[in-house]
Every structure is written in C-alpha cells, then in structure tokens.
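[1] sequence plus the predicted model coming up.
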Amino acid sequence: MLIATAAVTFLASCGTEDTDDPKPDPAVNLKTTAGYTSSNVTVTPDSTLKAGVIINHDRRIKNVKFQVTISGSTFTVLDTTVNDKVINMDFVRKVIPTPGTEGWTITATDADGKTGSASFTITVQGADQTLIDYVASGMGQSNRKIYRFQSTRPSSAFDLDDLVVYSAADPDDGKKDVFDNTAGSGDVYAPKWQSKTGATFVKVTGGLDYATTTKYSAIVNYFSSKTVTTVTETLAKDNMYIVKGGSKDRYFLIYVVNVDDATGVNDDHVEVKVKTIDITK
Ligand SMILES: [Ca+2]
Ligand SMILES: [Ca+2]
C-alpha cells in the first residue's frame, strides 16, 4: 500500500512540473574522447592530464570553477566567468610529483545560482623517498643558525643545496636560497625569510609533525595543496615551513627551533633543523 501511495504522489508531482517550474542543476559532462581523463585513473608522478567538459543547459552558465584536492586541502586552479548556455572547456594540469592522490572537480553555476559538478580522483603511484633529518643524524651536527641580516656575522644566508649558512655579503646569490630579510636596525628582532634564487615558502598550519613526517611525498603534497608565498611571515619558535628551491628545485621541511632576540642586532638569529631527501644525490 505504501508503495502504491508513493507512486501516486510521484505521478501527481510530475503532472504539476510545468507550473512549479523546477529548475534543473547544470549537467557537467566530462569529455570521454581520446586524450581526456574522465574517471578515476592511476598515473606516474608529474604526469600531465587533460579533462574537458561539455555543458548544455537551459539557462546561462555564469561561472566555471576547476578545483583540485590534495592531502585533504582543496584549492582553486581556475575560476572563470562565462555567460552561455553551452560551455565547452578543457583543463590541463601536471599532477603531484610524488605518490598520493589528487582529486579534480569542475563545477558550473548557472544564472539562478544552481550548481552542477563532475569529478574524478587521480592516484599517483611511484617510488617515494625517505626524509633525512639533517640535525639528528651524523657526528658534530647541530642546529643551523641563520643570523639577522644586520648582524656582522657572516651567517645570514642559507644554501639549500649543501645546508650551509653563508654570509649575506657573499657575491654568489646561489648560496642565498633562504636569507634573513629583517627590516630596520632596531633592537627588536622580527625575522622574515626571503630568497635570492626563487625559492618559495608554505607555512605548515597543522597536519604535519616534524618528528613523525618521514616520507618526501608528505611534504611535497602538503606544499602542492597550499598557497605559495615568496616571503615568510614573521618567524616564531615552533613555526614550520616547507621551502621549495635550491639548484635541484627540491622540497625542505624547516623547523624553527628557536628565535633568539638578543640585546642589539648582532646576535639575533633563528635556529632551525631541516629534513629533506639525500642532498648528495
Ligand atoms: Ca643554492
Ligand atoms: Ca635584538
């Protein structure tokens, strides 16, 4: 009986469809022709994939968004205004460079604010690498100290390639992948890092722990999931940054062990420890 009642109700609602004027969500159809990815797929790191959508809607589409989810973080790759009932659009992107997953979602919004989307997940398979803690291992290792730019100590520039701290006055900018760029010469030390070699920074805001992060993919994928900056925020004790750069354009997990604001400027420094993959290779 219940089923029959439901059926009658369904038929009745169908009969009033025209007067109720229900507005359907846009149907976002992924292209399935050769060269396009349209469903879950497994690829190797750094593969370049292409997705395409065809939308044929009864109202004008106003916006199309291409979003990617990596390590639980979603970011927008493309957010574009359109004004058409028929949309034909392609999206190309190089996937993450280490093992992990990357979700692609394409969302369309019509003039009534109705949305439709299509998505798939890319599994990236390949060899991962183990991070080396360049503080904890090896004889004579100690935390690296990056001194304030205004200090007379020759230790304000950090070369990611050999993990050695050099003088800010060194003529070789290649040694200044990360350098202290503190403004002003007041006693108070409010350090910020920048790069002379194009290295970029992502502040870790949860989700990664220095001690338990052991795989390169964890920091690479975290970096890939966040907005990149060319200068850090003001550094504080226990901050953690992922820095991408150096001559091999690699990823480094840098932990701020301490920020030492001493009397004057000369002894002001940031003490760090660093994890990355084998720097000799
Ligand atoms: Ca370098
Ligand atoms: Ca000081």
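    Yep, that arrived. Values in this document were obtained by computation on a predicted structure and should not be read as measured data. Numbering: from 1, shown residues only. Ligands and ions are numbered 1, 2, ... in the order given.
[2] near ligand 2, which residues of the stretch 101-250 of the chain?
    187, 189 (Cβ under 5 Å from the ion). The C-beta positions use only the backbone N, C-alpha and C, and glycine is treated the same way.
[3] any regions of the stretch 101-250 of the chain where pLDDT drops low?
    The model of the stretch 101-250 of the chain has pLDDT under 70 over residues 136-141.
[4] please redo it, this time with the cut-off set to 80
    135-142 (pLDDT under 80).
[5] now do the helices in it.
    216-224 (DSSP state H, counting those that start in this stretch).
[6] which parts of it sit against ligand 1?
    Within reach of ligand 1 by Cβ under 5 Å from the ion, the stretch 101-250 of the chain has these residues: 159, 161, 174, 177, 246.
[7] correct me, but the last one touches residue 195?
    No. With contacts defined as Cβ atoms under 8 Å, residue 246 does not count as touching residue 195, sitting 9.7 Å away.
[8] can you list residues touching both of those two?
    residue 177 (Cβ atoms under 8 Å, 6 or more residues apart in numbering).
[9] quickly list the domain ranges of the protein.
    Under the assignment automatic domain parsing, the domains of the chain span 23-124, 132-276.
[10] quick one: stretch 74-81 to chain centroid distance?
    14 Å (Cα atoms, centre = their mean, to the nearest Å).
[11] all further residue positions should be reported with the first residue as 47.
    Sounds good: first residue 47 from here, last item stretch 120-127.
[12] how about it: buried residues?
    Within stretch 120-127, no residue is scored as buried using 16 or more other Cβ atoms under 10 Å.
[13] do the same with stretch 72-87
    In stretch 72-87, counting by 16+ other Cβ under 10 Å, buried: 72, 74, 75, 76, 77, 83.
[14] same check on stretch 137-154?
    Within stretch 137-154, the residues scored as buried using 16+ other Cβ under 10 Å are 137, 139, 141-148, 150-154.
[15] so how far does it reach from one end to the other?
    Terminal residues of stretch 137-154 are spaced 14 Å apart (Cα to Cα, to the nearest Å).
[16] chain center to it, what's the gap?
    Remark: stretch 137-154 is offset 11 Å from the chain centroid, using Cα atoms, centre = their mean.
[17] what segments of the stretch 147-296 of the chain are strands?
    Using DSSP state E, counting those that start in this stretch, the strands found in the stretch 147-296 of the chain span residues 161-170, 178-179, 190-193, 203-205, 210-212, 224-226, 239-240, 246-249, 286-291, 296-306.
[18] same for the helix or strand just after the longest one, what does it pack against?
    What it means is strand 296-306. Toward the C-terminus, strand 296-306 is succeeded by strand 315-322 as the next helix or strand (DSSP states H and E). The helices and strands touching strand 315-322, judged by 3 or more Cβ pairs under 8 Å, 6 or more residues apart in numbering; DSSP states H and E, are strand 178-179, strand 190-193, strand 296-306.
[19] looking at those, which is nearest to residue 267?
    Proximity to residue 267, assessed across the helices and strands packed on strand 315-322 by Cβ to Cβ, is greatest for strand 296-306 (9.6 Å).
[20] for the closest one, name the packing helices and strands.
    In terms of contacts (3+ Cβ pairs under 8 Å, 6+ apart), strand 296-306 is packed against helix 262-270, strand 286-291, strand 315-322.
[21] cutoff 10 Å now
    Contacting strand 296-306 under the criterion 3 or more Cβ pairs under 10 Å, 6 or more residues apart in numbering; DSSP states H and E are the following elements: strand 190-193, helix 262-270, strand 286-291, strand 315-322.
[22] same list, these, but as CSV with mean neighbour count please.
    Formatted as CSV, the helices and strands packed on strand 296-306 follow (neighbours: other Cβ atoms under 10 Å):
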stretch, mean neighbour count
strand 190-193, 22
helix 262-270, 24
strand 286-291, 22
strand 315-322, 23
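[23] save the ones you listed as JSON lines, and put in distance to residue 169 too.
    JSON lines is the format used below for those (distance: least, Cβ to Cβ, whole Å):
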{"stretch": "strand 190-193", "distance to residue 169": "37"}
{"stretch": "helix 262-270", "distance to residue 169": "12"}
{"stretch": "strand 286-291", "distance to residue 169": "22"}
{"stretch": "strand 315-322", "distance to residue 169": "25"}
